[in-house]
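**Q** Show me how the following folds:
(one chain, ligands or ions: 1)
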Amino acid sequence: MNDLDRLRSLDGAKWSKYGPDVLASWVADMDFPPDPQIGEAIIDVCRRGDLGYNFGALDRVHSTWAAWVKRRHGLDLDTERMTTFTGALHAMEVVMDVMTEPGDGVVVFTPVYHVFINATLSGGRRVVEVPLGPDSTLDSEAFAAACDDTTKLVFFSQSHNPTGRIYTSEELQAFGRVAAEHDLTVVSDEIWADLAHAPNRHLPMLVGDPSLANRTITIGSASKAFNLASLSLAVAHVGDQRVLDAMDAQSAHLHGRPSALSAEGTIAAWGHGEPWLNDTMAKITRNRDHLADRLAAEIPEVGYAPPESGYLAWLDFGATSLGADPASVLLEKAGVALNRGVEFGSNSDGFARLNFATTPEILDMVIDRIVKAVKTGVTP
Ligand SMILES: Cc1ncc(COP(=O)(O)O)c(C=O)c1O
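**A** Below you'll find the model as predicted:
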């Protein structure tokens, strides 16, 4: 079976949402099969029939994550402060629930992963958009100016989705001063941590600015780096004692419980998956650079700052004929599905997000279709 046939045969949302003529470059799943060791670890739970109430594996997720982030990113986390959730957004919504009231402000740095915005709105909270500065830098003055007495929480993505920037310690420290001044709780979503392109390195929020430790919830997951989103497992390290106390006062059932299968898969990823991850990073970095080369050579009017981390390209079609919502035009007229920039904040007209974690052949087909659409001047 060729790659496209394999991908189209899957139940995954990425390749099944649109018809057979569309190439899928949207949702943040990779097109590479996961490390076989992960499947083996999951099958092994079934083989030994360990499918009763199995909490041992969940406990080991905490110690495995602590060892992984310590070794790879120099981050010291306390397993006593960890809770496992069924996804990063689950953890974020629980924090929002305990730390804010309806109408309170939640800061996001836009353009931002659209689900941060949707989660805030569906929780009845106010989205406080702080636009990123030039070259996707953190603008701490704009951040300070956006905060008032009803601003309580920040949803932060390190590295940033969709720009792929890894914020520097200077930026994090300037951010930290504003967060302290307004006594904000900070959720640092670091589920992209392991996808930094060399020579860039992931910088955990708490390594960049240790003074944030008592107000930060750090979130990790094997989902992005190991292509395991459907295992539905994320871990939160809760540094903010107010959040820990409020969560302790809630029913644990509200926090859910990922399965032992998810736990064993995650442990296998963090325990043995580094060689697979290194191979995968090499493929992703090649694609990142190939995309840059082809865009520069063939459609230089499309803006692209190659990400420091991750496999998402935040493309600026503002100088083309494609209009404010280029992803919708490309879906309809070119047969490629990208994410719609307009969902990522009010400063995102003319942008679209492309996922390049695929085979070189599929990536070239995707680029061919985009180049043709831009060169022939398609319009909405
Ligand atoms: C920054 C970021 N946070 C959270 C998520 C979603 O995570 P989960 O499915 O664990 O809720 C994504 C998915 O792409 C993401 O990019």
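
**Q** Gly341: what's it in contact with?
**A** Gly341 makes contact with 111, 314, 325-327, 348-353 under the criterion C-beta atoms under 8 Å, 6 or more residues apart in numbering. All C-beta spots, glycine's among them, are computed from the backbone N, C-alpha and C.

**Q** Next: Pro162.
**A** Pro162 touches 111-113, 312, 314, 339, 344, 353, counting by C-beta under 8 Å, 6+ apart.

**Q** between those, which is nearest the ligand?
**A** Distances from the ligand to the contacts of Pro162, taken as C-beta to the nearest ligand atom, are shortest for Tyr113 (4.5 Å).

**Q** how many neighbours does the residue lying closest to that closest one once chain neighbours are set aside have?
**A** Setting aside the residues directly before and after it, Tyr113 is nearest to Asn161 in space (C-beta to C-beta, 6 or more residues apart in numbering), at 4.1 Å. Neighbourhood size, Asn161 [other C-beta atoms under 10 Å]: 26.

**Q** contacting residues for Asn161?
**A** Neighbours of Asn161 in contact, by C-beta under 8 Å, 6+ apart: 28, 112-113, 192, 310, 312.

**Q** ok, which residues in the stretch 201-350 of the chain are in contact with the ligand?
**A** When proximity is defined as C-beta under 6 Å from any ligand atom, the stretch 201-350 of the chain approaches the ligand at 221, 223, 229, 234.

**Q** Highest neighbour count among those?
**A** Ser221 (29 neighbours).

**Q** so how far is Gly56 from it?
**A** In this structure, Ser221 and Gly56 are 20 Å apart, going by C-beta to C-beta, to the nearest Å.

**Q** Tell me where this structure has strands.
**A** In the chain, the strands defined using DSSP state E lie at 23-24, 82-85, 105-110, 126-131, 151-157, 185-189, 216-220, 234-238, 312-316, 336-337, 339-340, 351-355.

**Q** Strand partners (parallel or antiparallel) of the second one?
**A** So that's strand 82-85. strand 234-238 (antiparallel) (DSSP bridges).

**Q** hmm, who's touching the partner strand?
**A** Against strand 234-238 from outside (C-beta under 8 Å, 6+ apart): 61-62, 65, 77-78, 81-88, 90-91, 95, 191, 217-221, 223, 244, 247.

**Q** Buried ones only from these, please, as a ChimeraX command.
**A** Of the contacts of strand 234-238, the buried ones can be selected in ChimeraX as follows, counting by 16 or more other C-beta atoms under 10 Å:
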select :61,62,65,77,81,82,83,84,85,86,87,88,90,91,95,191,217,218,219,220,221,223,244,247
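
**Q** Now do the phi/psi pair for the nearest residue to Gly273 once chain neighbours are set aside.
**A** Nearest non-adjacent residue to Gly273, counting by C-beta to C-beta, 6+ apart: Asp35, 4.9 Å away. Its backbone dihedrals place Asp35 at phi -50, psi 120, with angles given as degrees, to the nearest 10.

**Q** Contact partners for Asp35?
**A** By C-beta under 8 Å, 6+ apart, the neighbours of Asp35 are 226, 268-269, 272-273, 276-277.

**Q** in this structure, what residue is nearest the ligand?
**A** Gly87 (3.0 Å).

**Q** Does that residue touch Ser232 like I think?
**A** Yes. With contact defined as C-beta atoms under 8 Å, Gly87 counts as touching Ser232 (5.5 Å).

**Q** ok, which residues in the stretch 51-200 of the chain are in contact with the ligand?
**A** 87-89, 113, 157, 161, 189, 191.

**Q** Serialize those to TSV and add fields for distance to Leu10 and pLDDT.
**A** Converted to TSV, those look like this (distance: C-beta to C-beta, whole Å; pLDDT from 0 to 100):
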residue	distance to Leu10	pLDDT
Gly87	20	98
Ala88	22	98
Leu89	22	98
Tyr113	23	98
Ser157	27	98
Asn161	23	98
Asp189	26	98
Ile191	22	98
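
**Q** Could you provide those residues in TSV, with additional columns for distance to Glu264?
**A** Putting these into TSV (distance: C-beta to C-beta, whole Å) gives the following:
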residue	distance to Glu264
Gly87	17
Ala88	20
Leu89	23
Tyr113	28
Ser157	27
Asn161	27
Asp189	24
Ile191	19
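
**Q** out of those, which one sits closest to Asp50?
**A** Nearest to Asp50 out of these is Gly87 (C-beta to C-beta; 23.2 Å).

**Q** Identify the farthest-apart pair in the contacts of Gly341.
**A** Trp314 and Asp325 (14.8 Å).

**Q** Which one's more surrounded, the two?
**A** Neighbours per residue, other C-beta under 10 Å: of Trp314 and Asp325, the larger number sits with Trp314, 25 against 20.

**Q** Looking at strand pairing, list the partners for that one.
**A** With DSSP bridges as the rule, Trp314 is bridged to Arg353.

**Q** from what I can see it touches Asn347, true?
**A** No. The pair Trp314 / Asn347 is not scored as a contact, 11.6 Å apart, by C-beta under 8 Å.

**Q** Right, I'll call it a day here.
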